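J.: A predicted structure for the sequence below; I have some questions about it.
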Amino acid sequence: MARYTGPKTKISRKFGEPLFGEDSTLEKKNYPPGQHGNNKRRAKKSEYAIQLMEKQKAKYTYGILEKQFRNIYKKANRGKGITGELLLQLCESRLDNVVYRMGISKTRDGARQLVSHKHVTVNGSIVNIPSYTLRPGDKISIREKSKSLKAIESALIENNSEYEWIKFNRERLEGEFVSIPEREQIPENIKEQLIVELYSK
């Protein structure tokens, strides 16, 4: 599957946030990349530029390319409820994201790799599609022969995050997607209304 493979620190510096996990370089250089990155007199961004930046931030955060992200937006726009919230809920319901939230992987890229390499099962069946949309009640687990992977052990040692909409048994490496998260439960710093305004033009 096509995905962004370029320099991640550069992207994080562009948005001023560690979009791909902790980044020591970002702490030292907390200004945009480029020779004019630290210039305080940068031109004021237009409304369109601000909306575009927010969309780009969401895409990089969840590791989704433009065509797929647009399709998710269209699905959210057809749903009942607030489009922006539905958009983030659909992103959070992706299998790769839930694997990441469970702490089985340090990054969403790593979670995507675990899924595509057939280490993850949903309701007892192997699913190797990272964009697979989970439904409340779905059971997610690591295959028996994959439970000893060092990458998983390392991730679990470093990750103690817990989310109300996910149950996870660290010993058995099994979890449940309990419910679709409410907007206030999603920790990502994304102004989803700006994305809706951009796509609505």
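T.: Perfect, I can see it now.
J.: helices or strands next to the longest helix anywhere in the chain in the packing?
T.: Determined from DSSP state H, the single longest helix within the chain is helix 47-62. Contacts defined by 3 or more CB pairs under 8 Å, 6 or more residues apart in numbering; DSSP states H and E place helix 47-62 against helix 8-15, helix 66-78, helix 83-92, helix 192-199. Placement of C-beta: from N, CA and C, glycine included.
J.: in that helix, what's buried?
T.: Neighbour-count burial for helix 47-62 flags 51, 53-62 (criterion: 16 or more other CB atoms under 10 Å).
J.: pick the most deeply packed of the helices and strands packed on helix 47-62.
T.: helix 83-92 (a mean of 22; mean count of other CB atoms under 10 Å).
J.: next, the angle from that helix to helix 47-62.
T.: Here helix 83-92 runs at an angle of 20 degrees relative to helix 47-62 (axes from the mean of the first three to the mean of the last three CA atoms, to 10 degrees).
J.: now stretch 115-131, how far from the centre of its chain.
T.: Relative to its chain's centre, stretch 115-131 lies at 17 Å (CA atoms, centre = their mean, to the nearest Å).
J.: got the CA positions of that stretch in PDB?
T.: Provided in PDB are the C-alpha atoms of stretch 115-131 (Å, rounded to 0.1, in the frame of the first residue of the first chain):
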ATOM      1  CA  VAL A 115      -1.600  -5.900  10.400                       C
ATOM      2  CA  SER A 116      -0.300  -6.200   6.800                       C
ATOM      3  CA  HIS A 117       2.100  -9.000   7.800                       C
ATOM      4  CA  LYS A 118      -0.800 -11.000   9.200                       C
ATOM      5  CA  HIS A 119       0.000 -10.900  12.900                       C
ATOM      6  CA  VAL A 120      -3.400  -9.500  13.900                       C
ATOM      7  CA  THR A 121      -6.800 -11.300  14.000                       C
ATOM      8  CA  VAL A 122     -10.300  -9.800  14.300                       C
ATOM      9  CA  ASN A 123     -12.900 -12.100  15.800                       C
ATOM     10  CA  GLY A 124     -10.600 -15.000  15.400                       C
ATOM     11  CA  SER A 125      -9.900 -14.400  11.700                       C
ATOM     12  CA  ILE A 126      -6.700 -12.900  10.200                       C
ATOM     13  CA  VAL A 127      -7.200  -9.500   8.800                       C
ATOM     14  CA  ASN A 128      -4.300  -7.900   6.900                       C
ATOM     15  CA  ILE A 129      -6.100  -4.700   5.800                       C
ATOM     16  CA  PRO A 130      -4.900  -1.800   7.900                       C
ATOM     17  CA  SER A 131      -7.900   0.400   6.900                       C
END
